[in-house]
Structure formats: structure tokens, C-alpha cells
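[1] sequence-free structure coming up:
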């Protein structure tokens, strides 16, 4: 199993081909090491008070892993106090992960003491990808 964090790409180079190169590099690393699973997180912004995050939480229920593979955050986001957004705005990265077969491994984590602006990242959902199958399906060499 390989755990990945965030990547940072200069604005001038953020394109589909750059992302494909990142995924191809991960596929090569995983194949060379004999790994089959990739785990990481996907963020959902909270700049609307958490309404989009609450909507996304409802929309991804069918993508949850089996209970024996679930993880639990130390600080779960207080969804019970937030009305979900009426419209569906799945963050592009999360949407892409789900499209290639990722599974959600648990509730989003939240840092209520963070002084960082909530517009960039507030909720982070754990993601598990059956990596080699998913990477091949997305067109990455490997």
C-alpha cells in the first residue's frame, strides 16, 4: 500500500497532461514495488459554511468501503448542524478519483482550531484506490 499526499504544480503547468505524468510516475513506482493499493485524501472546501461538504457527504455514500476497511477521524466534521447544499458540486479531484474506482474509507476529518482560510481546505475525506486497476483504466502507462 502506498500513501500519497498533496502535490503542487505551478499554475502555468496545471493541465491534463501534467496530471497524467504525475499518475504515470505513481503507476511506475507502484508497479516496480509490487503495490496494489494507493491511499490519500481529497479535500472539500468549507467557504460556504460547509453546505457543499454536507452535500458531497450525502452523494458519496454509495462509494464507501466495506465496514471492516473504514477509518475514523479524531475530529469529525459536525454535519448534523449543517443544511446540505441544494446543488451538487463535487470537487473535480474527488470526482476523478471516484470515476476511476476509488472508495471512500470514512468520514471526513476536520481541524476546528485551524486558522487557515476554510476556502482552500476544510474537510478531508480518506480515499482508497485499487491502484493498478484504476491507473490502467485512467490511461496511465504502467
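    Cool, got the structure. Quick caveat: nothing in here was measured; it's all calculated off a predicted structure.
[2] any low-confidence regions in the protein?
    Low-confidence segments of the chain (pLDDT under 70): 113-142.
[3] Tell me where it has strands.
    Using DSSP state E, the strands of the chain run over residues 2-3, 38-44, 103-104, 109-110, 123-129.
[4] who touches the first one?
    Residues outside strand 2-3 that contact it (CB atoms under 8 Å, 6 or more residues apart in numbering) are 26, 29-30, 33, 35, 37-40, 131. Quick note: C-beta positions are derived from backbone N, CA and C, even for glycine.
[5] Going by neighbour count, which of the residues you listed comes out on top?
    Of all the contacts of strand 2-3, residue 131 has the most neighbours under the rule other CB atoms under 10 Å, reaching 26 neighbours.
[6] hmm, back to that, of all the contacts of strand 2-3, which comes closest to residue 66?
    residue 37 (13.9 Å; CB to CB).
[7] now that closest one, nearest residue through space, not along the chain?
    Closest residue in space to residue 37, ignoring its immediate chain neighbours: residue 1 at 4.5 Å, by CB to CB, 6 or more residues apart in numbering.
[8] correct me, but the one you found touches residue 38?
    Yes - look at residue 1 against residue 38 with CB atoms under 8 Å: they come within range, at 7.5 Å.
[9] How many residues are close by residue 64?
    14.
[10] Same question for residue 78.
    The burial count for residue 78: 11, using other CB under 10 Å.
[11] ok, it - contacts?
    residue 110.
[12] And residue 16, how close does it get to residue 40?
    Distance, residue 16 to residue 40, by CB to CB, to the nearest Å: 19 Å.
[13] got it, and residue 28?
    Counting by CB to CB, the gap from residue 28 to residue 40 is 17 Å.
[14] likewise residue 89?
    Distance from residue 89 to residue 40, by CB to CB: 21 Å.
[15] got it, and residue 108?
    Counting by CB to CB, the gap from residue 108 to residue 40 is 13 Å.
[16] again with residue 7
    Going from residue 7 to residue 40 by CB to CB gives 10 Å.
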